[in-house]
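Q: here is my input, please return the structure:
(chains A, B and C)
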Amino acid sequence: MSDRARVRWLQALSVLGVLLAWEAVARLGWVDPLFVPAPSAVAGAFTRIGRGALAGLGDTLAKTAVAYLLSVTLGVGLGITIGSVRTLRDVLSPFVVVLYGMPKILVLPWIVLLLGFGTTPAVVYGTIHGLFPILVLVMGGVRDVDRNLISVARAFGASTWQLYWKVILPAIVPTVLAGMRLGIVFCLLGVLIVEMFAGVRGMGYVLGSLANGFQAPELFAATALVSVASIAIVLGLDALNDRLSHWRG
Amino acid sequence: MRVVALRAVILLAGLAGWELFARLSNPLLYVPPSAALPALERLLTLQSYPDLLASLLLTLREIAVAYVLAIGAGLAGGFALGLHRVVGRAFGPILAALYAVPAVVWYPSLMLFFGLGEASKIAFGFLLGFFPITLAVLAGIRQVNPHMLVVARAFGARPPVVFAKVMVPSMLFTLVGGLRTGLALTVIGVIVGEILGSRRGMGALINHAYGLFRTSDYVALVLVTLVLIVGSDALAGLVERRAQRWTA
Amino acid sequence: MSGRPPRVGDLITVEGVSKRYQSTSGPVDALHDVSLTVTAGEFCTLIGPSGCGKSTLLGMLGGLVAPDAGRVQVDGQVVTGPDPRRVATVFQDPGLFPWRTTLENIEFGLELQGVSREQRRARATELLGPLGLRDFAAKYPRELSGGMRQRVAIGRALAIDTPIVLMDEPFGALDEQTRLLMGEWLLDIWRRSGKTVVFVTHGLHEALALSTRVVVMTARPGRVKSVLDLPLPYPRAMDGLDMVERRAKLWSEIRDESLRAMGER
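A: Numbering: from 1, shown residues only, chains lettered A, B, ... in the order given. Predicted coordinates for the structure are as follows:
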């Protein structure tokens, strides 16, 4: 059997095996159905939560989209600015690193005190969450642009504007794409956290209430839903990334 | 030198600006630095929160347990996937897919299953820390120079010896980097877990201060928690630097 | 042509070995029906165009490559795997372990054989002198030059004190001057140790300056084309008439094969 086929078999068998074992364990009563629902119960729950969960997902994704737009714009913009001006970079780097390294969760309660419950804190926190990884990445990318390329451009008489437009920006495209790929996960994460902590709508809130209500099958179903959605988003971005980078070989 | 001076200026200007802004608008909401320091003092002398030490120890314990579990599972999983080609190709993509899911999505399920106590925080911390360690093992294995393995074989080393004397030292630096990241994420996982819902621990204290609008105490608690986080990472950094000795 | 039939005193016998590899463009015959003998104490060089299978053949002697047909015997026993008690190998890529110091790298083979720490250290330290690395005992590979690293690799091979040492283009990655000096140094080490060396190289100069016997291999699939005996004293006058003639002869043997090898590509 070829390696490829063997791999597929292993994947299929293990997924099937886990599901069957899980179903069996649940039916035999070895686990409390309140805490660990059978896969069949979870499957059934999909229809029950259907509309509510999808609405919640949509809400979350909308907030994420706004936060994402903001963090990418700010992250790339600031990243290029700070990264390309020597003085700014030298002076501000440690501040950026500290802010990047600081776990944002610690300021979340304060942000909620400031902005209340609901959409605004979610978008703000999501933006902050996604901003710093992108910023740090782009700063590094700009700093690492091959000095030779810049020397060549200057030798050919490029103005500062031309230098940015024709050398630096194209050179950092891979880094920006990497940052964007990273940013979406962080923004989504930030939004979900706020929804769980202080939300009235959205997937985080839905998951939280289902957990509080001990509705295990529904919770598992909703979790599966949001997992699939994020995997799809990330895979989609990867495919986009590949398409845009085909010239790099 | 000029750079350091500029940084100092920015820092001082920032603090002064904050002080002014907070005083003029709403000192309760925007805690000025002048209010934060006394709050810190109250906290450290156990006046504002007498059970600070117990909370700190609990959080540390949760982190320790979660991290040990993450190392165990991370190393086991990483080597199982990395050393067996078929197993790696089968479960690698599954792992990568799971990694694309924001971890907090699992937390409500963990809370349902484990309750509000330590266990759910440990489980969440474990979940967060396990991935970077596994990924580091995989990356480490991939970057081992295959020629080293040929040389070892040529000198008659059997597979377990090749593993211990060549593969492991060769990937040590990458591995330790992963362990450091794993610790950082485990710490964050435990703290996020506590803040999102717990009865005890540093996160619970933070929540308590937040709920009662005790903003300056909140700031003090955050500062103490920051010390915990930075301290653990600094320790990990020390270990990582020792491992750096061995890279080519 | 396979040389003469095996005799007592032959340390290595290669009997009709062949090797075929599967490549992306179909099967490739690296070696076809190669037979060869090496006597104890020789410095036997394998020379030939790129792709003639000399590295594969060396791999067979070292137990790292299994022949598809035929067999290799070392000291009367068929080779089935690496035998660090009889054969040590030096590769073109020194393959030093970057986390070990010079001494620790030299000790590697001894460590695997369970030699005690004190003995290992003593043996390795002993070798530092002849290796010219006395001041570099505690350095790491990244602090050494290419030539030094290769000397450490050779030291590692010498440390386990095997009767046979295989060398696969050990000086190939070095600049010419270093290569010449390393050749002189290697000659000195070999003559003092009395080991049997099987040496693979591209270089005519190296082959003629160092060897007691040169085996010329054909282009792929590799076979033994001819064997040149060099019963000359050391050190050799490379500019003497005698040597110039031998060099011309060797080159004419190799040239055709090189052209054939290039034509294939």
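Q: ranges for the helices of chain A?
A: Using DSSP state H, the helices of chain A run over A:3-27, A:39-84, A:86-101, A:108-115, A:119-143, A:147-155, A:160-163, A:169-198, A:203-212, A:216-244.
Q: check chain B too.
A: Under DSSP H, chain B gives helices at B:2-24, B:33-44, B:52-83, B:85-99, B:107-114, B:118-142, B:146-154, B:159-162, B:168-196, B:202-211, B:215-244.
Q: need the least confident one among these, by mean pLDDT.
A: Among the helices of chain B, helix B:85-99 has the lowest mean pLDDT, at a mean of 86.
Q: may I have that one as CSV, with CA atoms only?
A: The C-alpha coordinates for helix B:85-99 follow below in CSV (Å, rounded to 0.1, in the frame of the first residue of the first chain):
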residue,chain,number,x,y,z
ARG,B,85,6.8,9.0,8.9
VAL,B,86,3.3,7.6,8.4
VAL,B,87,2.0,8.6,11.8
GLY,B,88,3.4,12.0,11.3
ARG,B,89,1.8,12.5,7.9
ALA,B,90,-1.5,11.2,9.2
PHE,B,91,-1.9,13.2,12.4
GLY,B,92,0.3,16.2,11.6
PRO,B,93,-2.4,17.9,9.5
ILE,B,94,-5.0,17.2,12.2
LEU,B,95,-2.8,18.8,14.8
ALA,B,96,-2.2,21.8,12.5
ALA,B,97,-5.9,22.2,12.0
LEU,B,98,-6.6,22.1,15.7
TYR,B,99,-3.9,24.7,16.2
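Q: give the other helices and strands that it contacts.
A: Helices and strands touching helix B:85-99, by 3 or more C-beta pairs under 8 Å, 6 or more residues apart in numbering or on different chains; DSSP states H and E, are helix A:3-27, helix B:52-83, helix B:118-142. Every C-beta, even on glycine, is put in place using the N, C-alpha and C of the backbone.
Q: tell me if I'm right that residue C:206 and residue C:183 touch.
A: Yes: Residue C:206 is in contact with residue C:183 according to C-beta atoms under 8 Å; the separation is 5.7 Å.
Q: who has more neighbours out of the two?
A: Using other C-beta atoms under 10 Å in any protein chain shown as the criterion, residue C:206 and residue C:183 rank with residue C:206 on top: 22 against 19.
Q: returning to what we had before: any chance of CSV for the helices of chain A, columns distance to chain B, mean neighbour count and mean pLDDT?
A: Output for those, formatted as CSV (distance: least, C-beta to the nearest C-beta, whole Å; neighbours: other C-beta atoms under 10 Å in any protein chain shown; pLDDT from 0 to 100):
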stretch, distance to chain B, mean neighbour count, mean pLDDT
helix A:3-27, 4, 13, 86
helix A:39-84, 10, 19, 90
helix A:86-101, 5, 15, 90
helix A:108-115, 4, 19, 92
helix A:119-143, 10, 24, 94
helix A:147-155, 21, 12, 78
helix A:160-163, 23, 12, 83
helix A:169-198, 4, 23, 90
helix A:203-212, 4, 24, 91
helix A:216-244, 4, 18, 88
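Q: would you format those as CSV with distance to chain C included?
A: Below are those laid out as CSV (distance: least, C-beta to the nearest C-beta, whole Å):
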stretch, distance to chain C
helix A:3-27, 15
helix A:39-84, 30
helix A:86-101, 28
helix A:108-115, 43
helix A:119-143, 25
helix A:147-155, 24
helix A:160-163, 36
helix A:169-198, 28
helix A:203-212, 46
helix A:216-244, 24
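Q: right, and those helices - which one's nearest residue C:226?
A: helix A:3-27 (44.1 Å; C-beta to C-beta).
Q: tilt between that closest one and helix A:39-84?
A: Between helix A:3-27 and helix A:39-84, the angle comes out at 120 degrees (axes from the mean of the first three to the mean of the last three C-alpha atoms, to 10 degrees).
Q: quick one on the thing from earlier: mind checking which of the helices and strands packed on helix B:85-99 is nearest residue B:207?
A: helix B:52-83 (11.3 Å).
Q: which strands and helices sit next to the closest one?
A: Partner elements for helix B:52-83 (3+ C-beta pairs under 8 Å, 6+ apart): helix B:85-99, helix B:118-142, helix B:168-196, helix B:202-211, helix B:215-244.
Q: in a markdown table: those, plus distance to residue A:68 and mean neighbour count.
A: Shown next, in a markdown table, are the helices and strands packed on helix B:52-83 (distance: least, C-beta to C-beta, whole Å; neighbours: other C-beta atoms under 10 Å in any protein chain shown):
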| stretch | distance to residue A:68 | mean neighbour count |
| --- | --- | --- |
| helix B:85-99 | 19 | 16 |
| helix B:118-142 | 22 | 24 |
| helix B:168-196 | 21 | 24 |
| helix B:202-211 | 27 | 22 |
| helix B:215-244 | 26 | 17 |
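Q: between these, which one is closest to residue C:162.
A: helix B:168-196 (24.8 Å).
Q: if you count contacts, what does that closest one end up packed against?
A: helix A:169-198, helix B:52-83, helix B:107-114, helix B:118-142, helix B:202-211, helix B:215-244.
Q: my guess is residue B:85 contacts residue A:7, does it?
A: No: assessed by C-beta under 8 Å, residue B:85 is found out of contact with residue A:7, at 9.1 Å.
Q: and residue C:26, what are its phi and psi?
A: Dihedral angles of residue C:26 (phi, psi; degrees, to the nearest 10) stand at phi 110, psi 180.
Q: any idea how many residues pack against it?
A: By other C-beta under 10 Å, 6 other residues sit near residue C:26.
Q: bridging residues for it?
A: Bridge pairing for residue C:26 (DSSP bridges) gives the partners residue C:23.
Q: for the closest residue in space to residue B:52 that isn't next to it in sequence, grab phi and psi.
A: Leaving aside its chain neighbours, residue B:52 sits nearest to residue B:46 (5.7 Å; criterion: C-beta to C-beta, 6 or more residues apart in numbering or on different chains). Per-residue torsions, residue B:46: phi 60, psi 30 (degrees, to the nearest 10).
Q: any chance of the helices and strands packed on helix B:85-99 in CSV, with distance to residue C:15 too?
A: As requested, these are exported to CSV (distance: least, C-beta to C-beta, whole Å):
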stretch, distance to residue C:15
helix A:3-27, 36
helix B:52-83, 37
helix B:118-142, 39
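Q: quick check: which of the ones you listed is nearest to residue A:76?
A: It's helix B:118-142; of these, that one is closest to residue A:76 (C-beta to C-beta) at 25.5 Å.
Q: quick one: that closest one to helix B:107-114, angle?
A: With the same axes, to 10 degrees applied, the angle from helix B:118-142 to helix B:107-114 works out at 120 degrees.
Q: leaving aside the residues next to it on the chain, what's closest to the residue nearest to the spatial centre of chain B?
A: In chain B, the residue lying closest to the centroid (C-alpha atoms, centre = their mean) is residue B:184, at 1.7 Å. Nearest residue to residue B:184 in three dimensions, chain neighbours excluded: residue B:233, at 5.5 Å (C-beta to C-beta, 6+ apart).
Q: residues in contact with the one you found?
A: Contacts for residue B:233 were tallied using C-beta atoms under 8 Å, 6 or more residues apart in numbering or on different chains; they are A:101, B:180, B:183, B:184, B:187.
Q: out of these, which is nearest to chain C?
A: Taking C-beta to the nearest C-beta as the measure, chain C sits nearest to residue B:180 out of these, at 18.5 Å.
Q: state the distance from that closest one to chain A.
A: 12 Å (C-beta to the nearest C-beta, to the nearest Å).
Q: what sits against that residue?
A: Residue B:180 sits next to B:233, B:236, B:237, B:239, B:240 when contact means C-beta under 8 Å, 6+ apart.
Q: surely the second one is in contact with residue B:185?
A: No: proximity of residue B:236 to residue B:185 does not meet the contact threshold set by C-beta under 8 Å, at 11.3 Å.
Q: for chain C, which spans come out with low pLDDT?
A: C:1-9, C:264-265 (pLDDT under 70).
Q: I figured the residue nearest to residue B:52 was touching residue B:53, is that so?
A: Yes: judged on C-beta under 8 Å, residue B:46 makes contact with residue B:53 at a distance of 7.4 Å.
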